[in-house]
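Novice: Give the three-dimensional model of this entry:
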Amino acid sequence: NALGDITLKTDWFLQTPIGEINSGASFKKINYDHNEWLNANITFEYDTTYWNGNEWELPTEISEPDKRRPVFYRPTLFHDLVSDYYKFALYGQHVFKIRDVIEIRSGIRFDYFNGTDQLVTSPRFNFKYSFNSANSLHLAYGRHYQFPEYFMILKSVFNKDLKTKYSDQIVTGYEHYFDTDFKGTLEFYYKKYDDIYTHYYWSHEPEQFPDELAHILDWENEGSMRSFGVELLLHKKLSKNWYGILSYSWNNATAKNVRTMKSVPEIVIYLNDDNWYPWDYEIKQKLLLNGGWKKKLGSTNWYKRLKENSIYRILSPILPIGDEIELSFQYSYSNGRPFTQKSYLPNYYDWIYTQDNKWNSSRYPDYQRLDIMFLKRNNYKNINIVLYVNFLNVLMRDNVLDWLYNRNGTQETVWHFNTLPIGGLTIEL
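Specialist: Below is the predicted model:
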């Protein structure tokens, strides 16, 4: 695929007695070349004579069971399509302040996309109240739109009627300065997503063989998602050789199940599940803690004398001393993200997502990692040389990345990198 664009953009700023006014406009021409090739695919039903209920007991002379009959057929998909699209945006913002106590930002944005021939309007609002120089409270609301992907519009006429998915977001928070170099922020948020793009066959019965899957390229706007949570941030800037950040978040994110499911035992009847399930990116808790110690030795008298020592000059590349040295760490912890467990069906000789599977009802194990890095910088007349060594996952924790599903019914674990030392050199000109 190839994507090229030409963008024209302009911004204006005006200071008035009633506050600042910012506005602007942009125009973008997109040339999109979509090239895709997928061979025809037939899903077969297999003979399960050699399946003992837990594993295959195939004779040594055969590598897989025999095919019995075809079930689904997807034709060859070939696209070599080129199209020009246009996007236009117009936006404005007004900032109104009452002394140093109240600040109100209100704005509006208009976006147009000729691929779906839609004009959308996005209002924005932010209110901030400062109790004093160290404490403030803010409240914000905004609507945000995202047009369909270019390939959706290009590959199917059906998708030209897609509506633009959008989100409404509300955030409120409190900010406090413990000191000039130490700030804390606590925020609560609620987000509502609607008109999310969902695949046609999530909500409609697929055609049976020998008929083709006629809507394999089609999408609809059946999806919705809700999210709310809290975020805490403590940030200490570099001062007196120390710095650090602590970030913690908790969130709950659910999506509407738009699937049309086969009922049991009458498999010819289809019903809409219409329940809510954990969203793909719902990580309940996430903690990040990083910090370090940084010292500039270049201006100290003892280090200046040391640099004149011939033995030090020879050994300096391997010694943990330089014009500037830094020791830092980063610890991260997060709950496992949700996923949909595949089911092994021996009659299909494969792992698949069955229609009665509960979406995202399983979770990956929790993730935990500690990294430690040492860095030193030597300053020369025209260049700086930076040497560093970074030890990843010093806790030697086995973190699961994913699972590999083999067609014979076995399952393997794919791991994140284990303990790994990384070293490097950077030259700054």
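Novice: got the residue ranges for the strands in the stretch 101-250 of the chain?
Specialist: Secondary structure of the stretch 101-250 of the chain by DSSP state E, counting those that start in this stretch: the strands cover 102-113, 118-132, 135-146, 165-179, 182-199, 219-239, 242-256.
Novice: Let me see the contact set for I30.
Specialist: By C-beta atoms under 8 Å, 6 or more residues apart in numbering, the contact list for I30 reads 3-5, 84-87, 150. In this view, the C-beta of every residue, glycine as well, is placed from N, C-alpha and C.
Novice: just to revisit the earlier point, now the strands of the stretch 101-250 of the chain in a markdown table, please, with extra columns for distance to Y349, mean pLDDT and mean neighbour count.
Specialist: Listed next are the strands of the stretch 101-250 of the chain as a markdown table, based on distance: least, C-beta to C-beta, whole Å; pLDDT from 0 to 100; neighbours: other C-beta atoms under 10 Å:
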| stretch | distance to Y349 | mean pLDDT | mean neighbour count |
| --- | --- | --- | --- |
| strand 102-113 | 44 | 97 | 17 |
| strand 118-132 | 45 | 96 | 14 |
| strand 135-146 | 39 | 97 | 16 |
| strand 165-179 | 37 | 97 | 15 |
| strand 182-199 | 24 | 96 | 16 |
| strand 219-239 | 30 | 95 | 17 |
| strand 242-256 | 31 | 96 | 17 |
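Novice: how about those strands in TSV, adding distance to Q93?
Specialist: Output for the strands of the stretch 101-250 of the chain, formatted as TSV (distance: least, C-beta to C-beta, whole Å):
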stretch	distance to Q93
strand 102-113	4
strand 118-132	7
strand 135-146	12
strand 165-179	17
strand 182-199	21
strand 219-239	24
strand 242-256	28
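Novice: which one of those lies closest to Y73?
Specialist: Comparison of those against Y73 by C-beta to C-beta identifies strand 182-199 as nearest, at 17.7 Å.
Novice: Are any of the contacts of I30 buried, and if so which?
Specialist: Listed as buried from those are 85, 87, 150; burial here means 16 or more other C-beta atoms under 10 Å.
Novice: now the helix or strand hosting the second one: mean pLDDT?
Specialist: K87 is part of strand 77-98 when elements are defined by DSSP states H and E. Mean pLDDT, strand 77-98: 90.
Novice: Could you check the angle that strand makes with strand 118-132?
Specialist: 40 degrees (axes from the mean of the first three to the mean of the last three C-alpha atoms, to 10 degrees).
Novice: Can you tell me how far the residue lying closest to N135 once chain neighbours are set aside is from K128?
Specialist: In this structure, N135 finds its nearest non-sequential neighbour in H176, 5.3 Å apart by C-beta to C-beta, 6 or more residues apart in numbering. Look at H176 and K128: by C-beta to C-beta, to the nearest Å, they are 14 Å apart.
Novice: From what I see, K342 and R407 are in contact.
Specialist: No. K342 lies out of contact with R407 (C-beta atoms under 8 Å); the separation is 11.6 Å.
Novice: got a pLDDT number for the residue nearest the centre of the chain?
Specialist: Note on the chain: the residue nearest the mean C-alpha position is Y281, at 7.6 Å, using C-alpha atoms, centre = their mean. Note for Y281: predicted pLDDT of 86.
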